[in-house]
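Student: Quick one, what's the 3D model for this:
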Amino acid sequence: MFTNLIMLTAALFMGFSKMAKSFEMILLGRLLYGIGIGFSFNIHPQYVGEISPKKLRGFTNATVAVFLTLGKVAGQIIGLGEILGTESLWPLLLAFSALTATIQLVTLPCFPDSPRYLLIQKGNEEAFLKAIKQLWGEGDHQAEIDDIKKEKAAMSCTKSLRVLEVLKAQSLRWQLYVTITVMSTLQLCGINAIYFYSFEVFRTAQFEETLIPYIALGVGICECFSSILCSSLIERFGRKPLLWGGYAAMVLVLAALTVTLSFQHRYFWMHYLSVIFIFLFVIFYGIGPSGATISVMVEIFNQTYRPSAFVIVGFINWMGLFLLGMIFPFIVEYLGPFCFLIFMGILAVSSVIIYLYLPETKGKSILEITMEFNKLNYGKKQVFLIENSSPKETVLCTKL
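Tutor: From the prediction side, this is the model:
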């Protein structure tokens with residue numbers, strides 16, 4: 001709710017900037033939008049992941065990507081010249097986020113805190129059971145409640161770790177390796193490069209200049225629908241196959257796109273193949289990494305470590321985007337279409353790492369996922385000792 005107040009303040013600066021004839025208000029609004037997005041990216045996935053029952057966890061986590069892409073598409077639509085993308089209405093365009101911020105601010109008080117937070121952090125079992133009933137409705141949720149209580153018992157002697165403590169903890173080593181891999185790949189997979197190149201490809205294919213914004217909108221809509229498809233498939237196929245399979249498919253598409261871009265000035269029909277490959281790349285990105293990445297991030301950390309872990313996740317995400325924005329123009333200048341070879345290498349390496357080292361998290365409790373990672377963090381001998389010890393001993397083992 002506090003984050004939405006930040007977004008509303010930013011929208012006010014944006015909306016009245018033209019009236020005040022102040023570009024400084026635009027800069028300040030942009031800064032506040034960035035702060036709000038930083039908060040939202042950390043808070044939203046955690047809340048959505050924590051309020052979901054195990055059987056719907058993948059679906060609800062994947063909706064984070066759905067609404068991210070939906071926001072981009074909405075921005076493209078209202079930014080068209082026929083709507084708010086005009087010389088007189090652009091302040092309203094920049095302030096449009098006030099609408100979603102207001103909706104959230106009004107509706108969020110109707111929702112409870114997450115059940116896991118209420119039980120594990122606050123120790124309020126009455127509020128925990130009330131939140132479960134409000135969120136999941138009537139029915140037999142005893143197995144799910146027992147899992148959360150087991151997690152609380154296992155974490156009863158474990159304090160919440162700060163960011164530096166999470167980075168140093170042996171019990172979280174492979175979780176961090178997976179985090180670094182999937183979050184770096186999310187920004188360095190080439191999706192931003194594809195969006196950059198798409199306008200050049202559309203112009204080279206001799207589409208009319210007035211049609212290009214609508215074709216670009218089609219790319220955004222394609223990503224949105226593929227993210228929705230991912231949310232439907234993730235509980236059927238699991239997170240791991242969607243990640244490494246998506247990476248592998250994106251490698252193949254980038255290889256084909258590099259070839260068509262290299263020969264587009266020699267054969268006119270190569271332009272149209274390039275357009276097809278752009279759409280294919282966006283589809284595979286939406287079905288795989290876009291939705292599955294957030295789900296994995298929520299599921300591989302338990303309740304006490306997750307907030308600090310998401311600080312690391314956010315840092316990697318935004319730093320990757322910042323670095324790419326700074327260096328990508330120079331990469332394009334020197335390598336041209338062969339810049340995609342860099343992204344192909346990143347995707348190939350990430351695909352192998354995920355295939356070999358990421359345990360499947362579908363249908364497993366947080367404790368079960370933690371035990372899977374302990375096999376990597378401690379080795380089989382240590383895990384055998386942990387599995388056959390009491391909850392208190394388990395905590396001591398994981399703090400070594």
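
Student: drop to CA atoms for contacts and neighbour counts, all remaining ones
Tutor: Will do.

Student: so how far is Ala65 from the spatially most central residue of the chain?
Tutor: Nearest residue to the geometric centre of the chain (C-alpha atoms, centre = their mean): Ile294, 4.3 Å. Applying C-alpha to C-alpha, to the nearest Å, the value for Ile294 to Ala65 is 8 Å.

Student: what kind of secondary structure is the residue lying closest to the residue nearest to the centre of the chain once chain neighbours are set aside in?
Tutor: Nearest residue to Ile294 in three dimensions, chain neighbours excluded: Asn61, at 6.3 Å (C-alpha to C-alpha, 6 or more residues apart in numbering). At Asn61 the chain is in helix, as set by DSSP: H, G, I helix; E, B strand; the rest coil.

Student: Please name the residues that touch Asn61.
Tutor: Pro45, Val48, Gly49, Gly291, Ala292, Ile294, Ser295, Val298 (C-alpha atoms under 8 Å, 6 or more residues apart in numbering).

Student: Tell me the one of the residues you listed nearest Trp174?
Tutor: Using C-alpha to C-alpha, Val298 comes nearest to Trp174 of the contacts of Asn61, at 14.7 Å.

Student: what about that closest one, helix or strand, and which?
Tutor: helix 291-299 (DSSP states H and E).

Student: Report the next helix or strand after that helix in sequence order.
Tutor: Counting by DSSP H and E, what follows helix 291-299 is helix 306-335.

Student: where's the residue of the chain most remote from its centre, which helix or strand?
Tutor: In terms of distance from the mean C-alpha position of the chain, Arg266 ranks first, at 38.9 Å (C-alpha atoms, centre = their mean). Per DSSP H and E, Arg266 falls between elements, in no helix or strand.

Student: for this protein, what are the low-confidence residue spans?
Tutor: 156-158, 204-206, 380-400 (pLDDT under 70).

Student: Next, the buried residues of stretch 37-53.
Tutor: 37-39, 41-42, 45-53 (16 or more other C-alpha atoms under 10 Å).

Student: now stretch 108-126
Tutor: Pro112, Ser114, Pro115, Arg116, Tyr117, Leu118, Leu119, Ile120, Gln121.

Student: Check the offset of it from the chain's centre.
Tutor: Mean C-alpha position of stretch 108-126 versus that of the full chain (C-alpha atoms, centre = their mean, to the nearest Å) differs by 24 Å.

Student: Also stretch 83-95?
Tutor: For stretch 83-95 - counting by C-alpha atoms, centre = their mean - the centre lies 28 Å from the chain centre.

Student: Show me what that stretch is in contact with.
Tutor: Contacts of stretch 83-95 (C-alpha under 8 Å, 6+ apart): Ala10, Ala11, Leu12, Met14, Gly15, Phe16, Ser17, Lys18, Ile77, Ile78, Gly79.

Student: Repeat that for stretch 182-201.
Tutor: By C-alpha under 8 Å, 6+ apart, stretch 182-201 touches 212, 216, 271, 274-275, 278, 281-282, 285, 289-290, 293, 313, 316-317, 320-321, 324, 328, 340, 343-344, 346-347, 350.

Student: Give the helix, strand or coil label for the spatially closest residue to Tyr285 that is not a sequence neighbour.
Tutor: In space, and not counting its chain neighbours, Tyr285 is closest to Gly246: 6.5 Å by C-alpha to C-alpha, 6+ apart. Under three-state DSSP, Gly246 falls in the helix class.

Student: which residues sit in contact with Gly246?
Tutor: Here Gly246 is in contact with Phe284, Tyr285, Ile287, Gly288, Pro289 (C-alpha under 8 Å, 6+ apart).

Student: From the residues you listed, which land in helices?
Tutor: Among the contacts of Gly246, the members found in helices (DSSP state H) are Phe284, Tyr285.

Student: can you redo the contacts of Gly246 as TSV with neighbour count?
Tutor: Output for the contacts of Gly246, formatted as TSV (neighbours: other C-alpha atoms under 10 Å):
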residue	neighbour count
Phe284	24
Tyr285	26
Ile287	27
Gly288	30
Pro289	29
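
Student: from the contacts of Gly246, which single one is nearest Ser160?
Tutor: Pro289 (28.8 Å).

Student: thought the closest one was touching Leu243?
Tutor: Yes. Shown here, Pro289 and Leu243 form a contact pair, counting by C-alpha atoms under 8 Å, at 5.3 Å.

Student: Would you map the helices across the stretch 101-250 of the chain?
Tutor: In the stretch 101-250 of the chain, the helices defined using DSSP state H, counting those that start in this stretch lie at 115-116, 125-136, 142-154, 163-168, 173-188, 191-204, 212-237, 239-262.

Student: out of the ones you listed, which comes closest to Ser22?
Tutor: Judging the helices of the stretch 101-250 of the chain by C-alpha to C-alpha, what sits closest to Ser22 is helix 212-237, at 28.5 Å.

Student: Could you pull out the buried residues of the closest one?
Tutor: 212-213, 215-217, 219-235.

Student: the inter-axis angle of that helix versus helix 191-204?
Tutor: Calculated by axes from the mean of the first three to the mean of the last three C-alpha atoms, to 10 degrees, helix 212-237 forms an angle of 140 degrees with helix 191-204.
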